[in-house]
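>>> Following is a predicted model, sequence given first.
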2 protein chains.
Amino acid sequence: MSAGATKAMHPPRRARARRGEGEKLRTQIVDAASRLLVETGDEDAVSIRAVADAVGVTPPSIYLHFADKNELIFAVCERYFDELDRVTTAAAAEADDPVESLILRGRAYVKFGLGNPEPYRVLFMRKPTDTPITFQYEKIMSSSAFGHLRDAVAGAVEAGRIEGDPMLVSLYLWSVVHGITSLVISKPSFPWPEIDGLIDDIVRSALFGVIRRV
Amino acid sequence: MSAGATKAMHPPRRARARRGEGEKLRTQIVDAASRLLVETGDEDAVSIRAVADAVGVTPPSIYLHFADKNELIFAVCERYFDELDRVTTAAAAEADDPVESLILRGRAYVKFGLGNPEPYRVLFMRKPTDTPITFQYEKIMSSSAFGHLRDAVAGAVEAGRIEGDPMLVSLYLWSVVHGITSLVISKPSFPWPEIDGLIDDIVRSALFGVIRRV
DNA sequence: CGCACTAACGTAACGGCGTTAGGTTAGCGC
DNA sequence: GCGCTAACCTAACGCCGTTACGTTAGTGCG
């Protein structure tokens, strides 16, 4: 498979942390892993050994702060969870109309995913056996991103602009934006039409399916 | 990570094939890999060594017929490509109405994906760098499954039942069914509502967004 | 019948990976 | 100044994909 990116590029051995400051290593590990992920754009390049090298520490030291490799990778990608919420919330605020606001929110979701493909893949396209259980349920359900979507949909329903159960409609809209996002991530060489137009088209068609007719 | 499933379960050494029958090994390899994939339900259990063991041959012999591991795994999953077309085509034939037929087709797509999660993951949810280029473009574009969808959409447009460019609408519908499929595959522990109802709800809402109003 | 040729494999090894058992060092309290 | 323990390191296991190269056995030919 051959994934390794940087090799044998030991920075100077990290100085041992002082007593009571053992947690400093944890953030240094996450920072290094995060840097590796964005620089290589390849999850496989973020190996325990590569991260340890980047921090200036030996591989087993990683396990002082993470149970296994997955825990580390998800610790890195968890940061993108919050940013996804920030980005979609900001986009949704650009329109007053509830439906138009949902459209902007959907577009922002897709563009964020396409702009951060590897974190998105880890968070939303992974095999469940390689996904910590909290990232299958609570972390999503209680995430601001999903909560804000549900609130927005519920608001649009109350305003009489959208029909249906807010939860079902939210899952529907999530499916749509996740669908195009993950397809483009997985098949970038597919002859997609102009991407911005496609996204707009898809999101609008999707919302048109649950809109309240006059 | 620890993926290995069966270990040291050598079946008797395979007898060498006769002259001119070297291709027999290839199908035996694909068969064994396919069996491993469905039995374990885990792509990682399909290692070169495990497949070689199952066939009764040594690991390097795999490379007589496959350039690398990905080529083998996709050779296995390619079979599901055809079955996906068969299943969706059969489902679509159950209704005369073009729109209702598309709904049935969509539901069949999702259920097939959920029924074969690992092959679906390999075919449609993988990292592009681990996906043979032909599976990003030609194999999909020229696949009967996608072609039949486009034909069905085009027919519905000509019949005046659906609005829009057939290609764009097809990509839209594909995004929707792939979206819910991949989400459920990736997050099976998410508190989904009753799944059959959800699928039907989503597919109907999606088609409602491109239907022609009277 | 025997022999060279080559198709159809096998042997041995390289460098990587995640992970674990157990040892070592250094700062702080007493 | 001394023991305790937090904060690491050493060494290794067993797996992985992949490669260079050696071996065996059918088969057409003389």
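That came through fine.
>>> and chain A, which of its residues are near DNA strand C?
On the criterion C-beta under 7 Å from any atom of the strand, DNA strand C has as its neighbours in chain A the residues A:3-4, A:7, A:16, A:18-20, A:47-50, A:59-60, A:62-63, A:68-70. C-beta coordinates here come from the backbone N, C-alpha and C atoms, glycine included.
>>> Taking these, please make a ChimeraX selection of just the buried ones.
Only the buried members of the residues of chain A next to DNA strand C enter the following ChimeraX selection, criterion being 16 or more other C-beta atoms under 10 Å in any protein chain shown:
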select /A:47,48,50,62,69,70
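>>> Can you narrow the residues of chain A next to DNA strand C down to the ones near chain B?
Counting by C-beta under 8 Å from any C-beta of the partner chain, A:68-69 from the residues of chain A next to DNA strand C sit close to chain B.
>>> mind listing which of the residues of chain A next to DNA strand C are in strands?
Per DSSP state E, strands hold no members of the residues of chain A next to DNA strand C.
>>> In space, what's closest to the residue of chain A found nearest chain B - neighbours in sequence excluded?
Across chain A, no residue is closer to chain B than A:Gly179, which sits at 2.5 Å (C-beta to the nearest C-beta). Nearest-residue entry for A:Gly179: B:Gly179, 2.5 Å, with adjacent residues in sequence omitted and distances by C-beta to C-beta, 6 or more residues apart in numbering or on different chains.
>>> wouldn't that neighbour be in contact with A:His178 here?
Yes: with contact taken as C-beta atoms under 8 Å, B:Gly179 and A:His178 are classed as touching, separated by 4.7 Å.
>>> which one of those two has more residues nearby?
More neighbours sit around B:Gly179 than around the other of B:Gly179 and A:His178, counting by other C-beta atoms under 10 Å in any protein chain shown; the figures are 27 against 24.
>>> Quick one: list the elements packing against the host helix or strand of that one.
Using DSSP states H and E, B:Gly179 sits within helix B:166-186. Using 3 or more C-beta pairs under 8 Å, 6 or more residues apart in numbering or on different chains; DSSP states H and E, the elements in contact with helix B:166-186 are helix A:166-186, helix A:195-208, helix B:98-115, helix B:117-124, helix B:144-158, helix B:195-208.
>>> Turn these into a markdown table, including mean pLDDT.
Conversion of the helices and strands packed on helix B:166-186 to a markdown table gives the following (pLDDT from 0 to 100):
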| stretch | mean pLDDT |
| --- | --- |
| helix A:166-186 | 98 |
| helix A:195-208 | 98 |
| helix B:98-115 | 98 |
| helix B:117-124 | 97 |
| helix B:144-158 | 95 |
| helix B:195-208 | 98 |
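>>> do you know which of these lies nearest B:Ala54?
Proximity to B:Ala54 (C-beta to C-beta) singles out helix B:117-124 among the helices and strands packed on helix B:166-186, at 16.7 Å.
>>> Just confirm yes or no for the closest one near chain A.
Yes: contact of helix B:117-124 with chain A (C-beta under 8 Å from any C-beta) involves B:121, B:124.
>>> For that helix, which outside residues touch it?
A:127, A:183, A:186-187, B:37-38, B:41-43, B:73-74, B:76-77, B:80-81, B:112-114, B:135, B:178, B:181-182, B:185 (C-beta atoms under 8 Å, 6 or more residues apart in numbering or on different chains).
>>> Just the buried residues of those residues.
Of the members of these, the ones counted as buried by neighbours, 16+ other C-beta under 10 Å, are A:127, A:183, A:186-187, B:37, B:43, B:73-74, B:76-77, B:80-81, B:112-114, B:135, B:178, B:181-182, B:185.
>>> Also near DNA strand D: which of those residues, exactly?
Within those, nothing lies near DNA strand D by C-beta under 7 Å from any atom of the strand.
>>> Against DNA strand D, how distant is the residue of chain A closest to chain B?
Taking C-beta to the nearest atom of the strand, to the nearest Å as the criterion, A:Gly179 is separated from DNA strand D by 30 Å.
>>> Surely that residue and B:Val176 touch.
Yes: in terms of C-beta under 8 Å, A:Gly179 counts as a neighbour of B:Val176; the distance is 5.6 Å.
>>> Any idea how far the longest helix along chain A is from the middle of the chain?
Counting residues, the longest helix found in chain A (DSSP state H) is helix A:69-92. Taking C-alpha atoms, centre = their mean, to the nearest Å, one finds the center of helix A:69-92 at 5 Å from the center of the full chain.
>>> what sits up against it?
A:29-30, A:33-34, A:37, A:43, A:46-48, A:51, A:62, A:66, A:101-102, A:104-105, A:107-109, A:112, A:116, A:119-120, A:122-123, A:130-132, A:135, A:139, A:143-145, A:148-149, A:152, B:1.
>>> how far off helix A:144-158 does it point, in degrees?
With axes from the mean of the first three to the mean of the last three C-alpha atoms, to 10 degrees as the criterion, the two stretches helix A:69-92 and helix A:144-158 enclose an angle of 40 degrees.
>>> how's chain A carved up into domains?
Here the domain assignment for chain A is A:1-66, A:78-208, based on automatic domain parsing.
>>> closest one to B:Ala156 among those domains?
With C-beta to C-beta, the closest approach to B:Ala156 among these belongs to domain A:78-208: 14.1 Å.
>>> So what's the gap between the closest one and the chain middle?
Relative to the centre of its chain, domain A:78-208 is centred 10 Å away, using C-alpha atoms, centre = their mean.
>>> Also stretch A:68-87?
Counting by C-alpha atoms, centre = their mean, stretch A:68-87 is centred 7 Å from the centre of its parent chain.
>>> Alright, calling it a day.
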